Structures are given as C-alpha cells and as structure tokens.
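Visitor: just to be clear, the model below is a prediction. Sequence and coordinates:
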Amino acid sequence: MSDITIIIVNYKSTQKTIDFLKKIPVGYNIIIVDNSNDGDLRKTNLENDKIKIVETENNGYGSAINRGRREIKTNYFFAFSPDIQGVDKNFFEGFEELLKTDLKFAAVGPRFTQVTHKSHKQSDEKKQIGKINAISGAALLLKTDAFDKINGFDEKIFLFFEENDLCARLIKQNFNIYQLNKIKVFHPKGVEKGTVEVDNNKYSTLQNFYGWHYMWSKFYHYKKNKFYFFSYIFFIPTILRFILRIIFHGVIQDHNNKNKYLMRLNGLLSSMTNIPSNKRINL
C-alpha cells in the first residue's frame, strides 16, 4: 500500500478526470474534489473502495485541495489537475523511489516541458533533484504534516499563484522544495486546451475571467510574500500599459482585446484596493 493519496480537482472536466484516472496505477487511494456543482461526475459511478468523490462549493483550486486533505490518512498526497499530460506508471514509480531516499522535503514536483524560463522557472536540469522556490500545483507531491503546519493553501486566492504562495510559506518555515527533473510532464495552457470543458462561444468569457484572477492573485502574492509597500510602485508600469492598450484597442474598435485588458486592469486594481477575489462566472 502506497503512503501517497491522490487528490484530483475536478471543475467541469468530467471526461478529462475519467481519462486521468486510467493513468493512475492500482493501489492508490484517490480523492476527487468536485467543484462543479452539476452532479455530472457523480453520475459516472466512479466511486468505489479506492475512489471517493467529495462535492463542494467552487472556492478555487487551493480550497479544493484543502477540502481533499481532510480525507487523507497518508503521510503524503499528490495534488493533480486532470489535464496534466505525461503521468503514467513510470511517473509514480519515480516519486515512490524518491520516498525511499533520505531527502527531506515538504513539496516536490516533476519537470515541465514546453515552457520558457520567463513564464515558468525551473531548477537546473543537470541535477537529478534540483532545489527550487515553487512547483506548479498541476502536479505537486506534498508532505502532509508540512502542509498542515502552514494551514494549507490560502483560500483568499481563487485561481493562480496559489502554489507560489504555498511554497513561499513553506520556505519561511525552513522546509525544502525540490524538482525531480528525470520525470517530465506537459501542462496545456490556454482556454481551449485547459481543464475546463466549455462551449466555443464561452472561450472569450472564460479567458477574461482567467485574466482578472491572474492579475488579482499576482499582486496579492507579491504584496504578501515579496515586498509589501514596494509592490504598489512595482505594478504602476503594468497599470499604465493596460490603460494604453485599452485606449488603443478602443480607437481601432477591437472590442475583444479592449475587454481583455479592461478585465486584467480591474483584477489588478481590485487586488490593490483589497477587494476579495470574488469574480465569478456561470459556465
């Protein structure tokens, strides 16, 4: 019996979750936290003695993992987004082998392919196990007692940067975070390729929603974990850039891009003025 429990966060991604379950070897206890509030996942009859579905209100990715943690009895748990690619038997064997070593860690994850250093900082690939400041929450192995010590994910964050915040707080408690570079995965980006399954006519709405939360969470994380007062000055160029783009796209009557930057600006200003990350949409 493995000492790792699997947590999968499902939000309107029933088929992706079903497909992802097929990649998990026999022997793991699995918790699916379903944020969808539509009952679709329950109808699939996936539940058995190894798979438990927990339905909860959609309060974001981190909140869902916190809810799943309450069902865990193992010393470790692996949090997954069901759209992650590259997870297979070898993936799990690599992390099981890691648990047999004397490496002391609070969080560890795989290496991500098809990302740039600017968008996704990773450890030195020449090292089999590289120390790192943050690991993507799309595939994140956590030590349960370390997770509990910092009270899990910050539920003020609805989307984006929740893992950055978590890892920053772990490091402040003198825990170590690593990347297992020999294990590689790919996480699709963008509305059309991501985990949420929506109609084509809702792509723009979802994209703008993501933009709002990305900017809200980015400022919140910077202010909380990096430089409180300087963060307001640091984001002034971003505000000016958004305003110029809003004006430009308004002049050329490019309403889609104008709305995109309006949403991003609104998310940033909301965070800067301490408005909660309460933006929601119906899909």
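Guide: Looks like it arrived, so ask away.
Visitor: just to be sure, Q179 is in a strand?
Guide: Yes: under DSSP: H, G, I helix; E, B strand; the rest coil, Q179 falls within a strand.
Visitor: adjust the sequence numbering to begin at 44 for everything that follows.
Guide: Okay, residue one is now 44; in that scheme the one you just asked about reads as Q222.
Visitor: who does it bridge with?
Guide: Under DSSP bridges, the beta-bridge partners of Q222 are G152, G173.
Visitor: which residues of this structure fall in strands?
Guide: For the chain, the strands defined by DSSP state E occupy 47-53, 72-77, 94-98, 119-123, 150-155, 172-174, 182-186, 220-228.
Visitor: pipe the ones you listed into TSV and attach mean pLDDT, mean neighbour count and distance to T87 per row.
Guide: Glycine gets a C-beta too; all of them are placed from N, C-alpha and C. Listed next are the strands of the chain as TSV, based on pLDDT from 0 to 100; neighbours: other C-beta atoms under 10 Å; distance: least, C-beta to C-beta, whole Å:
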stretch	mean pLDDT	mean neighbour count	distance to T87
strand 47-53	97	24	11
strand 72-77	96	23	10
strand 94-98	95	16	9
strand 119-123	98	24	17
strand 150-155	96	24	27
strand 172-174	94	15	37
strand 182-186	97	23	23
strand 220-228	96	20	25
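Visitor: just send those strands back as a markdown table, with distance to Y257 too.
Guide: Converted to a markdown table, the strands of the chain look like this (distance: least, C-beta to C-beta, whole Å):
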| stretch | distance to Y257 |
| --- | --- |
| strand 47-53 | 18 |
| strand 72-77 | 22 |
| strand 94-98 | 27 |
| strand 119-123 | 20 |
| strand 150-155 | 18 |
| strand 172-174 | 26 |
| strand 182-186 | 19 |
| strand 220-228 | 21 |
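Visitor: and the pLDDT for the residue of the chain positioned farthest from its centre?
Guide: Residue distances from the centre of the chain (C-alpha atoms, centre = their mean) peak at V294, which lies 36.1 Å from the mean C-alpha position. Looking at V294, its pLDDT reads 96.
Visitor: so who does the residue most central in space within the chain touch?
Guide: By C-alpha atoms, centre = their mean, the chain has its centre lying nearest to G180, at 3.9 Å. Counting by C-beta atoms under 8 Å, 6 or more residues apart in numbering, G180 touches 104-105, 108, 122, 124, 205-206, 209.
Visitor: out of these, which end up buried?
Guide: With burial judged by 16 or more other C-beta atoms under 10 Å, the buried subset of the contacts of G180 is 104-105, 108, 122, 124, 205-206, 209.
Visitor: domains for the protein, by residue range?
Guide: Here the domain assignment for the chain is 47-228, 243-315, based on automatic domain parsing.
Visitor: for I324, which of the ones you listed is the nearest?
Guide: For those, the distance to I324 is smallest for domain 243-315, at 5.0 Å, taking C-beta to C-beta.
Visitor: quick one: contacts for K174?
Guide: 166, 219-222.
Visitor: now the two most distant members of the buried ones among the contacts of G180.
Guide: Going by C-beta to C-beta, the pair spanning the buried ones among the contacts of G180 furthest: S124 and L209, at 14.8 Å.
Visitor: related to what we said a few turns ago, nearest to L311 among the contacts of G180?
Guide: Lowest distance from L311 to those (C-beta to C-beta) belongs to E205, with 17.3 Å.
Visitor: spatially nearest residue to the closest one, not counting backbone neighbours?
Guide: Closest residue in space to E205, ignoring its immediate chain neighbours: G105 at 3.9 Å, by C-beta to C-beta, 6 or more residues apart in numbering.
Visitor: per-residue pLDDT, the one you found?
Guide: G105 is given a pLDDT of 97.
Visitor: for G233, same thing?
Guide: Taking G233 on its own, its pLDDT is 67.
Visitor: go on, the one 4 residues further on?
Guide: G237 is assigned a pLDDT of 67 by the prediction.
Visitor: what's the answer for S314, then?
Guide: S314 is given a pLDDT of 98.
Visitor: that one contacts M258, doesn't it?
Guide: Yes: using C-beta atoms under 8 Å, S314 is in contact with M258, at 6.9 Å.
Visitor: tabulate the domains of the chain (CSV), appending distance to L326.
Guide: Formatted as CSV, the domains of the chain follow (distance: least, C-beta to C-beta, whole Å):
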stretch, distance to L326
domain 47-228, 6
domain 243-315, 6
